[in-house]
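Colleague: The sequence isn't on hand, but the structure is:
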């Protein structure tokens, strides 16, 4: 591509990402977060040992305090993963693979507050039968509910975009 083509491509407004591209990136990131959770669970098991687990009538029972600790670790690592990447580069690994980026409405990176709001708002958007995501088809800009609430947008990057250059 010539320099003029690259400049014109960079100055054109970027299209909003569609539902399938967003869900594909979310699936990629879900595998990565699940792997992180497995490693953290393994580390926690190494620290506390296997004595905290009991097999009662064919059901594994664990210490409720350990369950609460593991849930807290999973919540902190999952939210930290997304908020870190959204505020530092605008892209998680799944978003890089699908050439999408989350950014503030002005085109810059989101701040920490926007990242927290987006993360919290994305959960009900997904788990209420995906209605928050389906609003992409109703919104004139193609934004989901958590985009609106966090004052952010998810855009499709041009094919010439190189995240690691």
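Modeller: Cool, the structure landed. Just so you know, these numbers come straight off a predicted model, no measurement behind them.

Colleague: Grab the nearest non-local neighbour of the spatially most central residue of the chain.
Modeller: Against the mean C-alpha coordinate of the chain, by Cα atoms, centre = their mean, the closest residue is residue 82 at 4.5 Å. Closest residue to residue 82 apart from its sequence neighbours, by Cβ to Cβ, 6 or more residues apart in numbering: residue 119 at 5.5 Å. C-betas here are computed from N, CA, C, even on glycine.

Colleague: what does the helix or strand harbouring the one you found contact?
Modeller: Secondary structure from DSSP states H and E places residue 119 in helix 112-127. Helix 112-127 has contacts (Cβ atoms under 8 Å, 6 or more residues apart in numbering) with 79, 82-83, 86-87, 102, 104, 110, 131-133, 135, 144-147, 149-152.

Colleague: Quick one, which of those residues are buried?
Modeller: Neighbour-count burial (16 or more other Cβ atoms under 10 Å) applied to the contacts of helix 112-127 gives 82-83, 86-87, 102, 110, 132-133, 135, 144-147, 149-152.

Colleague: all helices for this protein, in order.
Modeller: Here the chain has its helices, by DSSP state H, at 3-11, 19-48, 64-88, 93-97, 112-127, 131-134, 145-150.

Colleague: so which of these gets nearest residue 162?
Modeller: Closest approach to residue 162 among those (Cβ to Cβ): helix 93-97, 10.2 Å.

Colleague: as a whole number, average confidence for the closest one?
Modeller: Helix 93-97 carries an average pLDDT of 95.

Colleague: which residues touch that helix?
Modeller: Outside helix 93-97, the residues that touch it by Cβ under 8 Å, 6+ apart are 24, 25, 26, 27, 28, 29, 30, 32, 85, 101, 102, 163.

Colleague: State the pair within the residues you listed that is farthest apart.
Modeller: Largest separation among the contacts of helix 93-97 by Cβ to Cβ: 30 and 163, giving 19.9 Å.

Colleague: what separates the residue of the chain positioned farthest from its centre from residue 83, distance-wise?
Modeller: Using Cα atoms, centre = their mean, the residue of the chain lying farthest from its centre is residue 57. It sits 38.6 Å away. To residue 83, residue 57 is 41 Å away according to Cβ to Cβ, to the nearest Å.

Colleague: Same question for residue 29.
Modeller: Separation of residue 29 from residue 83 (Cβ to Cβ): 13 Å.
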